[in-house]
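Q: predicted coordinates and the sequence they were generated for:
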Amino acid sequence: MKRKLVAVLVLLIAVSVKFTVNAQEGKYHFYGKNEKWYVSAGGGPNILFGNQDGKAPSFGDRICGGGEISVGKWINPGLGFRAQFYFGQYRGFNYAVPQMGKFTHGDGKSIFPKGWPEKLKFTSDGSGFWQEFYTSSLSLDFTVNLTRTIIGYDVEPKLVDVIVYTGVAYLHNIKSETNHTFNGIGGRLGGRLNFNLQKKGPWGCYLEGQSMIASDKFDGYVGDTGFDLTANLLVGVQYSF
């Protein structure tokens with residue numbers, strides 16, 4: 001984890017240096033008003049990587065979905081920030097009896113002190129169950145447009161903008177039959193491909209991948225990994241103004 005953080009810091013420093021050089025060379029010019037603010041909305045599949053999810057009978061059954069709404073601003077063509085609201089469902093896997101850990105609710109040995117509801121989806125041998133819950137997050141991200149930082153931005157908008165970002169998020173899980181209410185802070189890292197549908201117009205579409213690291217208690221089970229991870233793939237539209 002420390003190596004990843006160092007790598008991110010080195011990348012940000014390199015981008016800042018490159019941006020300063022390009023700015024001095026006069027490569028950066030805003031194109032009208034289309035580089036100031038933007039809003040986006042989209043959705044797609046996601047997956048949860050918790051302590052016991054790797055033991056799930058089927059990888060595909062762990063995939064759920066969610067959606068996002070973002071509002072962002074470019075301070076200049078290369079650097080900016082945005083706020084993103086995400087809402088979706090996650091599906092993980094847990095053993096009925098904790099393995100190398102404990103549940104963070106119930107009696108710690110099971111989710112329900114009085115036994116398991118019949119409608120829970122147990123595996124065929126009765127040793128594990130599918131865990132489902134809804135979650136929301138509100139994040140603040142620092143964004144870097146690599147296309148315009150590295151290549152520069154002279155006259156015409158680029159067809160594709162490669163954007164990377166990192167940030168923090170406030171997380172809230174809605175209580176379900178297989179998870180408890182959770183509130184906490186998570187770290188985010190991701191990238192977005194912006195496709196400019198109109199050469200000089202405000203509309204575009206995007207493909208985005210993001211990952212979040214959260215507390216080990218995020219999925220209601222504390223094991224030996226120390227954290228939980230999520231991965232999301234989003235497709236949507238963007239409007240700049």
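A: Great, that's in hand.

Q: can we go C-alpha only for contacts and neighbour counts from here?
A: Will do.

Q: let me know the secondary structure of residue 93.
A: Look at residue 93: counting by DSSP: H, G, I helix; E, B strand; the rest coil, its state is strand.

Q: so what's it up against?
A: Counting by CA atoms under 8 Å, 6 or more residues apart in numbering, residue 93 touches 52-56, 62, 128-131.

Q: if I look at it, how far off is residue 224?
A: According to CA to CA, to the nearest Å, residue 93 stands 16 Å off from residue 224.

Q: can you check residue 131 too?
A: 19 Å.

Q: what about those two, which has more around it?
A: Shown here are residue 131 and residue 224; by other CA atoms under 10 Å, residue 131 has more neighbours (22 against 12).

Q: can you name every helix or strand that the helix or strand where that one lies contacts?
A: With elements taken from DSSP states H and E, the one containing residue 131 is strand 128-145. Judged by 3 or more CA pairs under 8 Å, 6 or more residues apart in numbering; DSSP states H and E, strand 128-145 is in contact with strand 79-95, strand 160-174.

Q: of these, flag the one that's most buried.
A: strand 79-95 (a mean of 20; mean count of other CA atoms under 10 Å).

Q: which strands and helices sit next to the helix or strand following it?
A: Helices and strands here follow DSSP H and E; after strand 79-95, the next one along the chain is strand 102-103. Applying 3+ CA pairs under 8 Å, 6+ apart, one finds that strand 102-103 contacts strand 221-222.

Q: now do the strand it packs on: everything it contacts.
A: 51, 101-104, 216.

Q: which residues in this protein form helices?
A: 2-24, 146 (DSSP state H).

Q: lowest-confidence stretch among those?
A: Lowest mean pLDDT within the helices of the chain: helix 2-24, at a mean of 53.

Q: so where's the protein shaky on pLDDT?
A: 1-35, 106-126, 152-157, 199-200 (pLDDT under 70).

Q: contacts only, for residue 217.
A: 104, 182, 227-228.

Q: same list, these, but as JSON lines with distance to residue 97 and neighbour count please.
A: Listed next are the contacts of residue 217 as JSON lines, based on distance: CA to CA, whole Å; neighbours: other CA atoms under 10 Å:
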{"residue": "104", "distance to residue 97": "13", "neighbour count": "19"}
{"residue": "182", "distance to residue 97": "21", "neighbour count": "16"}
{"residue": "227", "distance to residue 97": "20", "neighbour count": "18"}
{"residue": "228", "distance to residue 97": "19", "neighbour count": "21"}
